[in-house]
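Colleague: need the 3D shape of this:
(one chain, ligands or ions: 1)
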Amino acid sequence: MSRILITGGSSYLGQHLVQLASASCHTIHYSYHQNNPSLPVQGHWLDIRDETAVRDLIFSLQPEIIIHLAGSNRGSEMASVIRQGTGNIMWAAREVDARLIHLSTDSIFRGDAAPYAETAVPTPVNAYGRAKADAEAIVQQHPNSAIIRTSLIYSLQEMDHGTRWMAAALAKGEPVTLFSNQVRNPIWMDSLCQAILELTEHPYTGILNIAGKQALTRADFALKLLDFWQVHPRHSLTIAPSSGSWPLNCELRLDRVTAVLQTPLPGVDQVLQQFSNKN
Ligand SMILES: NC(=O)c1ccc[n+]([C@@H]2O[C@H](COP(=O)([O-])OP(=O)(O)OC[C@H]3O[C@@H](n4cnc5c(N)ncnc54)[C@H](OP(=O)(O)O)[C@@H]3O)[C@@H](O)[C@H]2O)c1
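Modeller: Numbering: from 1, shown residues only. Down below sits the predicted model:
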């Protein structure tokens with residue numbers, strides 16, 4: 001049984017992870033910033049850019065493990081939340097000797113050299129990718145840390161951010177383009193949360209790719225989820241290659257995670273098939 005602090009407990013991933021972790025025998029605390037999701041364990045307001053507030057919270061809780069999720073690709077302050085916030089969390093984690101598990105992304109790659117192993121050096125093409133690549137370098141200053149590089153996260157209980165945005169735009173007849181030249185390994189929320197919790201009990205340090213086994217284009221993935229959520233208005237939908245600063249083929253190699261962790265990492269088709277078999 002460990003004391004675990006989850007930063008960004010109010011995030012899409014965090015809310016699921018806090019609930020799963022609370023059902024285990026760990027003692028869980030989470031932080032939130034603008035949205036308190038009122039989860040079944042204690043939440044703490046925290047701006048991770050505030051060094052003193054971060055130290056105060058971490059010193060008072062004395063967590064053995066910190067799972068750092070806060071700071072995503074959303075919000076105008078995104079880059080400073082990711083860089084400054086990760087720095088504050090990393091230094092405080094080191095001071096209290098807590099293991100740090102950090103969530104990174106396949107968007108740190110340009111996408112012209114897939115599939116990417118854990119040894120691949122980041123080649124970011126946009127502000128989010130640059131900030132997350134810097135955050136990885138910051139976390140690596142903590143000897144007892146693990147960096148999870150993951151891909152698009154989706155759940156079959158709650159729409160992911162991307163599908164929610166598409167469904168709202170399509171309902172209003174606004175144009176939506178699905179990219180046919182961007183490849184990802186989307187990961188099912190349940191497998192990702194289980195893999196993160198497995199990693200809390202594992203001595204692994206360094207970078208670890210944790211993603212779904214099926215690589216597919218963002219267009220194919222989006223269509224599968226629109227079908228699943230029965231989003232029908234599609235007249236303003238187009239499928240085309242992206243232009244501009246987007247990571248292209250970011251497929252991640254999964255041989256290491258398959259050897260290190262037991263948690264299965266099914267691909268999208270397998271997850272949807274399992275769901276339809278059950279219902
Ligand atoms: N979603 C994906 O497909 C995906 C893919 C790859 C990697 N990831 C990584 O997974 C993690 C979670 O992603 P997500 O999409 O689930 O996140 P999200 O739903 O966009 O939530 C972002 C989180 O950051 C918190 N936050 C923002 N500014 C903050 C600040 N100044 N201080 C403290 N907390 C702050 C938010 O708190 P409030 O809401 O309370 O303000 C929220 O908990 C991120 O590290 C992301 O990079 C996500």
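
Colleague: so the residue in the stretch 151-279 of the chain that the ligand sits nearest to versus Leu20, what's the distance?
Modeller: Of all residues in the stretch 151-279 of the chain, the one sitting closest to the ligand is Ile153 (3.8 Å; CB to the nearest ligand atom). In short, each C-beta sits where N, CA and C put it, glycine included. According to CB to CB, to the nearest Å, Ile153 and Leu20 sit 14 Å apart.

Colleague: need the contact list for the residue of the stretch 151-279 of the chain closest to the ligand.
Modeller: Neighbour list for Ile153: Tyr12, Leu13, Asp160, Pro186, Ile187, Met189, Leu192 [criterion: CB atoms under 8 Å, 6 or more residues apart in numbering].

Colleague: got it, and Leu13?
Modeller: Leu13 neighbours (CB under 8 Å, 6+ apart): Leu69, Leu103, Ile153, Met189, Leu192, Cys193.

Colleague: got those as TSV, with pLDDT and secondary structure columns?
Modeller: Conversion of these to TSV gives the following (pLDDT from 0 to 100; DSSP: H, G, I helix; E, B strand; the rest coil):
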residue	pLDDT	secondary structure
Leu69	98	coil
Leu103	98	strand
Ile153	98	strand
Met189	98	helix
Leu192	98	helix
Cys193	98	helix
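
Colleague: who wins for neighbours among these?
Modeller: Within those, most neighbours by other CB atoms under 10 Å means Leu103, with 27 neighbours.

Colleague: from the contacts of Ile153, which ones fall inside strands?
Modeller: Ile187 (DSSP state E).

Colleague: show me what counts as buried in the helix or strand where Gln19 lies.
Modeller: Taking DSSP states H and E as the criterion, Gln19 maps to helix 12-23. For helix 12-23, a neighbour-count test (16 or more other CB atoms under 10 Å) marks Tyr12, Leu13, Gly14, Gln15, His16, Leu17, Val18, Gln19, Leu20, Ala21, Ser22 as buried.

Colleague: against which helices or strands is the longest helix along the chain packed?
Modeller: Longest helix of the chain, by residue count under DSSP state H: helix 78-96. Applying 3 or more CB pairs under 8 Å, 6 or more residues apart in numbering; DSSP states H and E, one finds that helix 78-96 contacts helix 51-61, strand 65-68, strand 99-105, helix 127-139.

Colleague: hmm, 6 Å instead?
Modeller: helix 51-61, helix 127-139 (3 or more CB pairs under 6 Å, 6 or more residues apart in numbering; DSSP states H and E).

Colleague: flag every residue of the stretch 51-200 of the chain that's near the ligand.
Modeller: Neighbours of the ligand within the stretch 51-200 of the chain, by CB under 6 Å from any ligand atom: 69-72, 74-75, 81, 85, 103, 105, 150, 152-153, 161.

Colleague: and those residues, which are buried?
Modeller: For these, buried by 16+ other CB under 10 Å: Leu69, Ala70, Gly71, Ser72, Val81, Gly85, Leu103, Thr105, Thr150, Leu152, Ile153.

Colleague: generate JSON lines for these, with distance to Ala113 as supplementary columns.
Modeller: Below are those laid out as JSON lines (distance: CB to CB, whole Å):
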{"residue": "Leu69", "distance to Ala113": "27"}
{"residue": "Ala70", "distance to Ala113": "29"}
{"residue": "Gly71", "distance to Ala113": "26"}
{"residue": "Ser72", "distance to Ala113": "25"}
{"residue": "Val81", "distance to Ala113": "28"}
{"residue": "Gly85", "distance to Ala113": "29"}
{"residue": "Leu103", "distance to Ala113": "22"}
{"residue": "Thr105", "distance to Ala113": "16"}
{"residue": "Thr150", "distance to Ala113": "18"}
{"residue": "Leu152", "distance to Ala113": "19"}
{"residue": "Ile153", "distance to Ala113": "23"}
